[in-house]
Every structure is written in C-alpha cells, then in structure tokens.
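*Asks:* Give the three-dimensional model of this entry:
(one chain, ligands or ions: 1)
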Amino acid sequence: MQFTSLASACIAGILLAGPLFAQQKLKVYISVDLEGIAGVVSNDQTQPNGRDYGWARTMMLAETNAAIAGAYDAGATEVLVNDSHGSQTNLRPDELDRRAALITGQPKPMGMTQGLDSTFDAAIYIGYHANGSVANAVHGHTFSGALKHVRLNGQEVGEYGLNGAVAGWFGVPVAFVSGDLAFVEEARTFFPGVDALAVKEGIGFYAARTLNPLDAREQIRAGVRAALVKRIARPPVRLTYPATLEIEVGELSWADRIAIVPGVKRSGRIVSYTASDMPTLYRMARVMMMLAQ
Ligand SMILES: [Zn+2]
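*Replies:* Numbering: from 1, shown residues only. Coordinates of the predicted model:
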C-alpha cells in the first residue's frame, strides 16, 4: 500500500513537472526604461513632476508585467526586474507581477544593470531609447543630455551599449529588446541576432507614430517568450580588454571637473578612461555623468 502510494506520487510528480525545458534553470534579468514605452513621447510623461507622468508609469508597469509573463511562458525559474528610469522608483512594487523580484530606488552603483551577474541566462531591455545623436529618436540620450557622445573602444553607444557590455562581461546575452525604431535599429547592430520590437517610430525627439499600448504588451509577451526559447544561439557582447570609455561632454567646465578623477585623460571636451573590466568602466561612466552638470 505504502509502495503504491509512493509510486503514484512519483508519477504525479513527473506529470506535474511539465515539458523538459521548464525543468532547466532559466534566470532572467529585465531592465526597464520609460522613454521607449509605447505612447510615451513628452517630458510631461517622463518626468515625475509632469502632468502625465502617472499615466506613463502605468504604461511602463504594464509592459514590464508583459515581459515577466513572457519569461514565465518560456519556462523562467527566476526573474529580476531593475527599474532603470530617472528616480528609478517608477514601478509600483505592489502592482508588479509578484513572481518577479524588483530593484527600486537610487543611487545604485551599477545603475541600469544593478543586480546582473553571471548567474543569469538572459537579459531583456524594455522601454529603451537610442543614443543622443540620431534623428527621429524619441528622447535619444545616454544617461543625460550633458553627454554628447559615448564610445566604447571607439564605437558610439547608447545606454543599451553600456548595459549590454556589462551583461557581456558576465557572459549574459541580451535576448530581447523593445523601444522606439531608432533604438531597435541600433540594437540590431550592437546585439547581432537579438529579437527586437519597435513599439513606436519617432517623428522627432518629442513625437512618434505609436503602437496601441495594448498591442505593444501582447507583442512584448509573445516576443520575450519566443526569444528565451531560442536563447542558446545568441552570443554575449565581447569587448577587447583593456577597454576604453570615451565621453564627449557639452561644456569645457564639466570636462574640467571630470579630469580631477585620477586616471581620467582629457582632450578639450572629451574625457576618457581605460580599464581591464567592464563594471569599472560602467561605474566611471556614471561618475562622469554625475560630474557633467
Ligand atoms: Zn534611458
């Protein structure tokens, strides 16, 4: 009798475990910005004192929950969300899909990549935007409008590039991204093979033709699922180290300040720093951003 019960329990356990891929570890990191969320175009929507900020953060939350759902559809075993816009308290913790953990608030040493490490299997960027020197990119910038150009080993990057290089340092591939079309085009170049969804097409810095946010959420959920199921074929970003971060700031006086940091080289409005690891370069980019204002 006892043996029969045990056998039944074992069979039930096998059946409940579901398809094979659901049994493997799939730890997913999701970084969420606001400027690349469907329908969002104005400062009134992206800044906490803005008239439509409350609406925009609700849109951001909904796209985040869609991405979390897509990850679990694909068999995720753990999901970590990092609120990556402005105050970094945009996502209301009690309204986030409770299957995911949340990093909220600032400052965080690793900013938009806080919490990411080599234990993750894939990174996902939602609501992202292009760098600051592309036309028809909705709110294109890198960390701050004060940073005119940001380059890694000579290649111009946006926030996606700095964050993606950190993910690559940890061996984590970027599997899926969403944002405006200008960002998606940059991301496809920087992350070969990435699954990318444009939720709006910029008509300028403050204007876009946008997907209905309800459609964007459906496509994000389906896109994240599809991207994670085929994640093995996607290589992480690998820079050559030591690597050099080079930033052109908007004012000579800001470069004066940044040049005080030991190890920083400076030529006019261009400051640079070389390091043998990406997390150090990322932190240096954040320091430079804070000093450039
Ligand atoms: Zn951003």
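
*Asks:* if you skip the residues just before and after it, what's nearest to the residue in the chain that the ion sits nearest to?
*Replies:* The minimum distance from the chain to the ion, using C-beta to the ion, falls at Asp33 (4.2 Å). From N, CA and C alone the C-beta is placed, and that goes for glycine too. Leaving out its chain neighbours, the residue that sits closest to Asp33 by C-beta to C-beta, 6 or more residues apart in numbering is Gly127, at 4.4 Å.

*Asks:* For the one you found, give me the backbone phi and psi.
*Replies:* Torsion angles at Gly127 (phi, psi; degrees, to the nearest 10) stand at phi 70, psi 20.

*Asks:* I'd assumed Gly179 was in contact with it.
*Replies:* Yes - taking contacts as C-beta atoms under 8 Å, Gly127 lies within contact range of Gly179: 6.1 Å.

*Asks:* list residues touching both of these two?
*Replies:* Counting by C-beta atoms under 8 Å, 6 or more residues apart in numbering, the contacts common to Gly127 and Gly179 are 33, 35-36.

*Asks:* Scan those and report the most crowded one.
*Replies:* Highest neighbour count within the shared contacts of Gly127 and Gly179, by other C-beta atoms under 10 Å: Gly36, with 33 neighbours.

*Asks:* Tell me the confidence at the closest residue to Phe170 other than its chain neighbours?
*Replies:* Distance criterion C-beta to C-beta, 6+ apart; nearest residue to Phe170, sequence neighbours excluded, is Ser118 at 4.4 Å. In the prediction, the pLDDT value recorded for Ser118 is 98.

*Asks:* Now do the same contact list for Ser118.
*Replies:* Contact analysis of Ser118 by C-beta under 8 Å, 6+ apart lists 170-172.

*Asks:* and the gap between it and Ser133?
*Replies:* Look at Ser118 and Ser133: by C-beta to C-beta, to the nearest Å, they are 32 Å apart.

*Asks:* mind listing what Glu156 touches?
*Replies:* Applying C-beta under 8 Å, 6+ apart to Glu156 gives the contacts 131, 133, 149-150.

*Asks:* Looking at these, which are in strands?
*Replies:* Among the contacts of Glu156, the ones falling in strands (DSSP state E) are 149-150.

*Asks:* ok, and the most crowded of the contacts of Glu156?
*Replies:* Comparing these by number of neighbours (other C-beta under 10 Å), Val150 comes first, having 26 neighbours.

*Asks:* Leaving out sequence neighbours, find the closest residue to it.
*Replies:* Spatial nearest neighbour of Val150, excluding adjacent residues (C-beta to C-beta, 6+ apart): Thr142 at 4.5 Å.

*Asks:* doesn't Ile37 make contact with Leu211?
*Replies:* No - applying C-beta under 8 Å, one finds Leu211 not in contact with Ile37, separated by 10.4 Å.

*Asks:* Of those two, give the one with the bigger neighbour count.
*Replies:* Legend: neighbour count by other C-beta under 10 Å for Leu211 and Ile37, higher for Ile37 (35 against 19).

*Asks:* on that earlier part again, may I have the residues that are in contact with the residue nearest to Val150?
*Replies:* Shown in contact with Thr142 (C-beta under 8 Å, 6+ apart): 131-132, 150, 157-159, 162.

*Asks:* Now for the residues you listed: which two are most distant?
*Replies:* Pairwise distances across the contacts of Thr142 (C-beta to C-beta) peak at 13.0 Å, for the pair Gly132 and Leu162.

*Asks:* now the helices: where do they sit in the protein?
*Replies:* Assigned helices in the chain, in chain order: 2-16, 43-46, 53-73, 159-169, 181-190, 213-229, 252-258, 278-291 (criterion: DSSP state H).

*Asks:* I'd like the ones you listed laid out as JSON lines, including mean pLDDT.
*Replies:* Compiled in JSON lines, these are given as follows (pLDDT from 0 to 100):
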{"stretch": "helix 2-16", "mean pLDDT": "40"}
{"stretch": "helix 43-46", "mean pLDDT": "97"}
{"stretch": "helix 53-73", "mean pLDDT": "98"}
{"stretch": "helix 159-169", "mean pLDDT": "98"}
{"stretch": "helix 181-190", "mean pLDDT": "97"}
{"stretch": "helix 213-229", "mean pLDDT": "97"}
{"stretch": "helix 252-258", "mean pLDDT": "98"}
{"stretch": "helix 278-291", "mean pLDDT": "97"}
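
*Asks:* what's the most buried one of these?
*Replies:* Comparing those by mean neighbour count (mean count of other C-beta atoms under 10 Å), helix 159-169 ranks first with a mean of 25.
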